[in-house]
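Colleague: show me how the following folds:
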Amino acid sequence: MEQVTTHQKTILKKEKAASPNLCGLCRGTKFLCGKDRCPVMVRFFSKSKVKPLLDTTHLGGASPPSVFVGRFGYPKITIGPMIPPTMGDTTVIDTPELWLPKSLEEIVDFRSQLVRGKFFVDATDVENSHKVVQYTRELGLSKNSVYAEAWFDKKPYGRIAFYDEVQPHGPSAPISALDITNPKYDQRIEKAYYDTDLKAREAILSIYKDGTQVSKIQRAFSVGAFGEKRRRRFVPTRWSITAVDSTLGLELLKNTKTYPVINEYRVYYHNQYDNRWVILLTPTEWQYELIEAWYPKTTWNPYGNEISIFSSHEFYDGRTTYAEIGGCYYAARLATNELLSKERRQAGAVIMREAHPGYIMPIGVWNVRESVRYALTQSYEKFETLQQALVHIQGFFDIPLQRWIRTSAVLKNQLYQRRLEDFV
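Modeller: Take a look at the predicted model:
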């Protein structure tokens, strides 16, 4: 690769300071953003592999199954299938629970194949008789790959865009017609769908307890499959992900608060996609916090010169407002309560995430849920005191421990708040 001289770097630095468009100056060759791979080029090469297969207004392929419900213009929204131009078993393309062992490039590669059809509908019109609406809902209820054919108003096209809540996907186009082969429904989801007296929350909890993957519940929820008949709605995909994570996490938390407290401080660690995860469980009543630290040149701190660190938390009585940190908060809370529920124990939890420049693009909230889930399956170090646990944690991070403590409401509470037992 062409080397950049010191003089060139000086010029580029001045250009960068004066220009709002760093990517236009770099063009994937100078790595001005500090990343070792260009996220735009990663996505471009993935798209270029399938572009020749999408130069048409007619597409046939095996949907994983996958659907997408947009949020812009709500309640007038777009819904539709997502179809790759490939055949066979494509289930993995829309099953985030299987993605953690895969590289960022692999995830972007197979997600870029998915072509999104967009059909306008009112969010309350779940009984719309149009075939596109009916078949999109059937895909949302399916458990296996389903052959689908779509006819678009124009050739699919997509700008390069990245989302923190939703998994990446490929190009899109308005869809005029859709046909699918006979899908095989997930029987647990199908049962809830036909029970029009069952409330959505009860349906979600029942299906989850029966062992259905969270991603499948989120997909079915988005196509209005749950709830009392008159209250059913299409739910934007982004909202459905957080709604299901939050609902399940709160239900598990009811039991967590009744269990005995763990008797040691635990530290779990996981590092993937250049994200360092530390989960600290404390021998206290339930309290929870997610802290994220983003280095310069990372997704949510692309042009900053300082580390950006922020958090959301709750104590025993919970929250009454939406978490500032977004859907990641509820995904991590669910994963934490899954472990505590399994062990039938209660604890405080502080989850710390240090995102380094190797995390070149957001890939969805699933990454938080599955990373925390995985970390909590690993062996942990245990300590008698919080101070000992924090010293151990410092060894995993580059950011000084005091910076984490200053940001954390839960850690400050545990370190500095006097308790009744301190006087006994």
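
Colleague: and the residue nearest the centre of this structure?
Modeller: When C-alpha atoms, centre = their mean is applied to the chain, the residue found nearest the centroid is V365 (1.1 Å).

Colleague: that one and A150, how far apart?
Modeller: Between V365 and A150 the computed distance is 27 Å (C-beta to C-beta, to the nearest Å). The way it works is simple: take the backbone N, C-alpha and C, and place the C-beta from them, glycine included.

Colleague: what sits against F152?
Modeller: Listed by C-beta atoms under 8 Å, 6 or more residues apart in numbering, the contact set of F152 reads T57, H58, L59, G117, A173, P174, I175, S176.

Colleague: which residue comes closest to the second one once chain neighbours are left out?
Modeller: So that's H58. W151 (5.5 Å; C-beta to C-beta, 6 or more residues apart in numbering).

Colleague: so what's that neighbour up against?
Modeller: T57, H58, I175, S176, A177, L178.

Colleague: also K199?
Modeller: Contacts of K199 by C-beta under 8 Å, 6+ apart are G227, E228.

Colleague: run the chain-centre distance for the longest helix along the chain.
Modeller: Looking across the chain with DSSP state H, the single longest helix is helix 237-256. Offset of helix 237-256 from its chain centre (C-alpha atoms, centre = their mean, to the nearest Å): 13 Å.

Colleague: could you list the buried residues of it?
Modeller: Along helix 237-256, these residues count as buried under the neighbour rule (16 or more other C-beta atoms under 10 Å): 237-253, 256.

Colleague: and what of stretch 399-416?
Modeller: Buried, per 16+ other C-beta under 10 Å, within stretch 399-416: I399, W404, I405, T407, S408, A409, V410, L411, N413, Q414.

Colleague: now those in JSON lines, with pLDDT and distance to G318?
Modeller: Below are those laid out as JSON lines (pLDDT from 0 to 100; distance: C-beta to C-beta, whole Å):
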{"residue": "I399", "pLDDT": "93", "distance to G318": "28"}
{"residue": "W404", "pLDDT": "96", "distance to G318": "23"}
{"residue": "I405", "pLDDT": "96", "distance to G318": "23"}
{"residue": "T407", "pLDDT": "95", "distance to G318": "21"}
{"residue": "S408", "pLDDT": "97", "distance to G318": "18"}
{"residue": "A409", "pLDDT": "96", "distance to G318": "14"}
{"residue": "V410", "pLDDT": "97", "distance to G318": "13"}
{"residue": "L411", "pLDDT": "97", "distance to G318": "19"}
{"residue": "N413", "pLDDT": "94", "distance to G318": "15"}
{"residue": "Q414", "pLDDT": "93", "distance to G318": "18"}
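
Colleague: in helices only, show me those.
Modeller: Per DSSP H, the subset of the buried residues of stretch 399-416 in helices is W404, I405, T407, A409, V410, L411, N413, Q414.

Colleague: now do the helices in the stretch 1-150 of the chain.
Modeller: In the stretch 1-150 of the chain, the helices defined using DSSP state H, counting those that start in this stretch lie at 6-18, 22-26, 39-50, 104-111, 131-141.

Colleague: which stretch in these has the least confidence?
Modeller: Among the helices of the stretch 1-150 of the chain, helix 6-18 has the lowest mean pLDDT, at a mean of 46.

Colleague: ok so, going back, could you check the pLDDT of the residue nearest to the centre of the chain?
Modeller: Here the pLDDT value assigned to V365 is 92.

Colleague: try M1
Modeller: With respect to pLDDT, M1 has a value of 37.

Colleague: just the CA trace of stretch 252-266, in PDB.
Modeller: Written as PDB, here are the backbone C-alpha positions of stretch 252-266 (Å, rounded to 0.1, in the frame of the first residue of the first chain):
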ATOM      1  CA  LEU A 252     -36.900 -12.500  34.900                       C
ATOM      2  CA  LEU A 253     -36.000  -9.600  37.200                       C
ATOM      3  CA  LYS A 254     -39.200 -10.200  39.200                       C
ATOM      4  CA  ASN A 255     -37.700 -13.600  40.300                       C
ATOM      5  CA  THR A 256     -34.200 -12.300  40.500                       C
ATOM      6  CA  LYS A 257     -35.200 -10.000  43.300                       C
ATOM      7  CA  THR A 258     -36.600 -12.900  45.400                       C
ATOM      8  CA  TYR A 259     -33.500 -15.000  45.300                       C
ATOM      9  CA  PRO A 260     -30.700 -15.000  47.900                       C
ATOM     10  CA  VAL A 261     -27.700 -12.700  47.100                       C
ATOM     11  CA  ILE A 262     -24.400 -14.200  45.800                       C
ATOM     12  CA  ASN A 263     -21.700 -14.400  48.400                       C
ATOM     13  CA  GLU A 264     -18.700 -13.100  46.500                       C
ATOM     14  CA  TYR A 265     -17.700 -10.500  43.900                       C
ATOM     15  CA  ARG A 266     -17.400 -12.000  40.500                       C
END
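
Colleague: quick one: average pLDDT of it?
Modeller: Across stretch 252-266, pLDDT averages out at 97.

Colleague: now it, how far from the centre of its chain.
Modeller: 25 Å.

Colleague: hmm, back to that, of the contacts of F152, just the buried ones, ChimeraX syntax please.
Modeller: Selection of buried members from the contacts of F152 for ChimeraX, criterion 16+ other C-beta under 10 Å:
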select :59,117,173,175
